[in-house]
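Trainee: task: produce atomic coordinates for the following.
(chains A and B)
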Amino acid sequence: MNREVRVRFAPSPTGALHIGGVRTALYNYLFARKNKGRFLLRIEDTDQTRFVPGAEEYIKEALDWLGIAPDESPWNPGSVGPYRQSERKPMYMQYAMDLVEKGHAYYAFDTSEELEAMRQRLTAARVVSPQYNSITRTQMKNSLTLPEDEVKARLESGEPYVIRVKIPRKEEVRLNDLIRGWVMVHSSTLDDKVLMKSDGMPTYHLANIVDDHLMGITHVIRGEEWLPSAPLHVLLYRYFGWEDTMPQFAHLPLLLKPDGNGKLSKRDADKHGFPVFPMDWIDPTSGDTAMGFREQGYLPDAFLNFLAFLGWNPGDHRELFSLEELIDAFSVERIGKSGTKFDINKAKWYNEQYLRAKSDEELAQYLMDDLQLEGIQIEFSKATQIVQVMKERATFPSDLWKEGKFMLVAPDSFDEAVLAKRWNNDALAVLGTYKEKLVDFPGELNPESAKSLLEAAAEDNGIKLGKVMQAVRLAVTGVGAGPDLMAVFSILGKDELVKRLDYALNNLKVNI
RNA sequence: GGUCGAUUCGUCUAGGGGUUAGGACGCAUCCCUUUCACGGAUGAAACACGGGUUCGAUUCCCGUAUCGACUACCA
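Mentor: Okay, here's the model as predicted:
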C-alpha cells in the first residue's frame, strides 16, 4: 500500500523549544518535502500542570523564522484536527475503553500512596525494577483483581481511576527502526503504563498512538529518548488492530553537551555563552530571558544548515546547503546513530559563510537598522561602503556596526600597547605633513589619492611608510588592526580625517 | 540496579575485510598583506579495550569498559 507520506512534529508547550526539538522538526520537514508528503504539527498538551503560556506561540514563531512551517497545525488546520491534544480530549476515552473491552487494558484504583508503598515493598524485597506489571498487578486494586460488581460500584461512585495497558508476561516485541534497525525487547521488562489519567486526560502513550493513527501519520521521526517506549507503542498499534498502518519509526540521536557527556541543557549553554533556543525566551514565571540564536545574530539559513549536519550528512564533502538543497539531499538512511556533541564554533563558521554570501545591499540594510537604534543616520551608499570593508571579518550582522563603529564615530580611546610601541616622532612628523596635504587637497578623497598623499608625506620626511603605518591607523581608528586603511580614509572623507588627525596630533603624548 | 542504545582526529563526520583511514570546524606554521581578517598552502591530530572468525580486522561475531536515554497518573 502506497500512502501519502505524513509526518508530524509533536512538541509539548512546556517552555521554549529546545534546539534538539528544532532539529527534530527540521528532519520531519525535510523528510516530508523530500517525499512530497505533508508535515503536521500537533501540540501535546495533555499535562495541564506543565502548561506554560506563550510556549505554543514561541514554537510557531520559531518555525516561521526558520522557514520550516508545518503544512497543518493548530493555527493552520487541515482535515484531521483539532491539532491540540487538549481539544481532542473527548475522543480518547472511547479508545481506552475499546482496549479494556478487548482485554488489553484495565481499570486501576490505586492511590499514589498505595503505588508508593508497592514500590517500597518491592525495593525492600530486592526486586530489581519495582513496577506495575504482570506480577504486581495481581496484588493491586484493579479490575483484574477486584470483583466485577465492586469495580462497577467504584466506577459509578465516581472514584478516581486510571486505565492501564495490560502488558503480556512473555512476549518478544520487535520493531524495525529506520535508523537503528531491529530493536527487540521482552515484554517482561515493560510495565503496565497508564493510558488514561485520573483527570480524564490520556497520557502521551495513548494520545500519541491514537492521534498518529487518526492523522494518518506514516513515519514517526522523534528523539532517541522515545526508543524505550517504542515497544509499548508497537503493542498498542497491535491491540487497536492498526498494525497494517503502523508508522515507521526513526529515532534520532541525541544532542549532547560540548564538554563531558550528557544531554545538552540550557545550563551548559549558559556556561559556554551560547544559546540552546532558536529565539530569546522570557520565562513567564521568573521573567528571566534565555538567549536565542536569532537574537545572537544567527541567520536562519545558516542555523538550519548547521542543524541539519548535527547527525546527518549527505555522504560527500559538500557542507553548504540551502533549504532546497537539503530537501534534495536528505535521507533518513544517512542519519547517524550516535549522540552528537554541540560545537558552537561550527555554527559561527556557517554563519560567516552565509553572511559573506549576502549582497552588500542586504547587509547595508542590516547596518542601517542597527544604526537607527543608535540614533545614527547615514546614507545608504555609505552603509554599503562600510559593509564592503567589513563583511569579510564579521560573524554576525551586528558586527558590522560593532566592529565598524570607528568609521562613523571618532575613537574615544586609543590602544595603549600600540600607542607605547608605535606613537613616536616619526609618526608625528608624517601625520603632520599628511594633514597639511589633505587640507590642501581639492575634491573628494578616494583610496588611491589617500594613499598617494600619505606616501608623499612619508617621503617628504624621509621616512619609510611601513614604519609609521600602524601609528597612522591608531590615530584615526584608535586600534592597531582593522580593514584596509585607505578604504577607511575614503569612507571617512577628508574633513573627518583631518579632524581626527588633529585630535591625535594634539592629544596623544609621545612615549619615549 | 534493570532495559535499550551508542563508541573513527578535541568536535562534526566519510569509509569499510587488504586505504598513506578522507573531508570540515578548531588549532599551529608559512604565503598574500601597511595591520587584522579573508584567501591559499602545509602540518599536528582518530578507528575504546580484549578475545574470536580470517592469509589478513578499524571494518564481521562475542565479551568488557565507557557514555547516554529510559525506568511518573511528564512528555
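
Trainee: what sits up against stretch A:157-169?
Mentor: A:96-97, A:99-100, A:103-109, A:132-135, A:137, A:142, A:144, A:154-155, A:187-188, A:190-198, A:205, A:232, A:235-236, A:239 (Cβ atoms under 8 Å, 6 or more residues apart in numbering). C-beta coordinates here come from the backbone N, C-alpha and C atoms, glycine included.

Trainee: go again using 6 Å as the cut-off
Mentor: A:96, A:104-109, A:134, A:187, A:190, A:192-198 (Cβ atoms under 6 Å, 6 or more residues apart in numbering).

Trainee: got any ranges where the stretch 151-300 of chain A has weak pLDDT?
Mentor: Judged by pLDDT under 70, the stretch 151-300 of chain A has its weakly predicted residues at A:260-261.

Trainee: cool, and chain A?
Mentor: Residues of chain A meeting the criterion pLDDT under 70: A:1, A:260-261, A:510-512.

Trainee: mind checking which of the contacts of stretch A:157-169 land in strands?
Mentor: Of the contacts of stretch A:157-169, the ones assigned to strands by DSSP state E are A:105-108, A:194-196.

Trainee: could you point out which of the residues you listed is nearest to residue A:502?
Mentor: residue A:194 (79.1 Å; Cβ to Cβ).

Trainee: output the contacting helices and strands for the strand or helix carrying residue A:472.
Mentor: Element membership of residue A:472 [criterion: DSSP states H and E] is helix A:465-477. Contact analysis of helix A:465-477 by 3 or more Cβ pairs under 6 Å, 6 or more residues apart in numbering; DSSP states H and E lists helix A:416-422, helix A:425-440 as its packing neighbours.

Trainee: what residues does that helix touch?
Mentor: Here helix A:465-477 has contacts from A:406, A:414, A:418, A:422-423, A:426-427, A:430, A:455, A:458, A:480, A:485, A:500, A:504, using Cβ under 6 Å, 6+ apart.

Trainee: what's the most distant pair in the residues you listed?
Mentor: The two members of those with the most space between them (Cβ to Cβ) are A:414 and A:455, at 24.0 Å.

Trainee: ok, the two, which is more surrounded?
Mentor: Taking other Cβ atoms under 10 Å, residue A:414 and residue A:455 do not tie; residue A:414 has more neighbours (17 against 12).

Trainee: how about the more buried one, secondary structure?
Mentor: When classified by DSSP: H, G, I helix; E, B strand; the rest coil, residue A:414 comes out as coil.

Trainee: that one against residue A:478, yeah?
Mentor: Yes: using Cβ atoms under 6 Å, residue A:414 is in contact with residue A:478, at 5.0 Å.

Trainee: show me what from the stretch 1-150 of chain A comes close to RNA strand B.
Mentor: Within the stretch 1-150 of chain A, the positions near RNA strand B by Cβ under 7 Å from any atom of the strand are A:10-12, A:44, A:46-47, A:50, A:110-112, A:115, A:128-129, A:131-132.

Trainee: for residue A:295, pull up the helix or strand it's in.
Mentor: Going by DSSP H and E, residue A:295 is part of helix A:293-296.

Trainee: distance from that helix to the middle of the chain?
Mentor: Taking Cα atoms, centre = their mean, to the nearest Å, one finds the center of helix A:293-296 at 10 Å from the center of the full chain.

Trainee: just the helices in the stretch 101-250 of chain A please.
Mentor: Ranges of helices in the stretch 101-250 of chain A, per DSSP state H, counting those that start in this stretch, are A:112-124, A:148-156, A:204-214, A:230-240.

Trainee: show me the contact partners of the longest one.
Mentor: Outside of helix A:112-124, the residues within contact range by Cβ under 6 Å, 6+ apart are residue A:130.

Trainee: give me the buried positions along that helix.
Mentor: Neighbour-count burial for helix A:112-124 flags A:118-119, A:122 (criterion: 16 or more other Cβ atoms under 10 Å).

Trainee: for the second one, same thing?
Mentor: Within helix A:148-156, the residues that count as buried by 16+ other Cβ under 10 Å are A:151, A:154.

Trainee: with the last one instead?
Mentor: Neighbour counts using 16+ other Cβ under 10 Å place A:230-237, A:239-240 of helix A:230-240 among the buried residues.

Trainee: report all helices and strands that it contacts.
Mentor: strand A:172-177, helix A:204-214.

Trainee: just the ones you listed: most buried one?
Mentor: The highest mean neighbour count among those, using mean count of other Cβ atoms under 10 Å, belongs to helix A:204-214: a mean of 22.

Trainee: that one and RNA strand B, any residue contact?
Mentor: Yes: counting by Cβ under 7 Å from any atom of the strand, RNA strand B is contacted by helix A:204-214 at residue A:204.

Trainee: for that helix, packing partners?
Mentor: helix A:230-240.

Trainee: export the helix it packs on as PDB, just CAs?
Mentor: Output of helix A:230-240 as PDB, limited to C-alpha atoms (Å, rounded to 0.1, in the frame of the first residue of the first chain):
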ATOM      1  CA  ALA A 230       8.500   2.400  21.300                       C
ATOM      2  CA  PRO A 231       7.800  -1.300  22.000                       C
ATOM      3  CA  LEU A 232       4.800  -0.200  24.100                       C
ATOM      4  CA  HIS A 233       3.600   1.800  21.100                       C
ATOM      5  CA  VAL A 234       4.000  -1.200  18.800                       C
ATOM      6  CA  LEU A 235       1.900  -3.200  21.200                       C
ATOM      7  CA  LEU A 236      -0.800  -0.500  21.300                       C
ATOM      8  CA  TYR A 237      -1.000  -0.500  17.500                       C
ATOM      9  CA  ARG A 238      -1.400  -4.200  17.600                       C
ATOM     10  CA  TYR A 239      -4.100  -4.100  20.300                       C
ATOM     11  CA  PHE A 240      -6.000  -1.500  18.400                       C
END
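
Trainee: what's the offset of it from the middle of its chain?
Mentor: Offset of helix A:230-240 from its chain centre (Cα atoms, centre = their mean): 31 Å.

Trainee: what about it, near RNA strand B?
Mentor: No: judged by Cβ under 7 Å from any atom of the strand, helix A:230-240 and RNA strand B are separated, with a smallest distance of 8.0 Å.

Trainee: can you give the domain ranges for chain A?
Mentor: A:88-252, A:266-355, A:358-407, A:410-512 (automatic domain parsing).

Trainee: dump the ones you listed to JSON lines, plus distance to residue A:64.
Mentor: What follows is the domains of chain A, written out as JSON lines (distance: least, Cβ to Cβ, whole Å):
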{"stretch": "domain A:88-252", "distance to residue A:64": "20"}
{"stretch": "domain A:266-355", "distance to residue A:64": "10"}
{"stretch": "domain A:358-407", "distance to residue A:64": "19"}
{"stretch": "domain A:410-512", "distance to residue A:64": "36"}
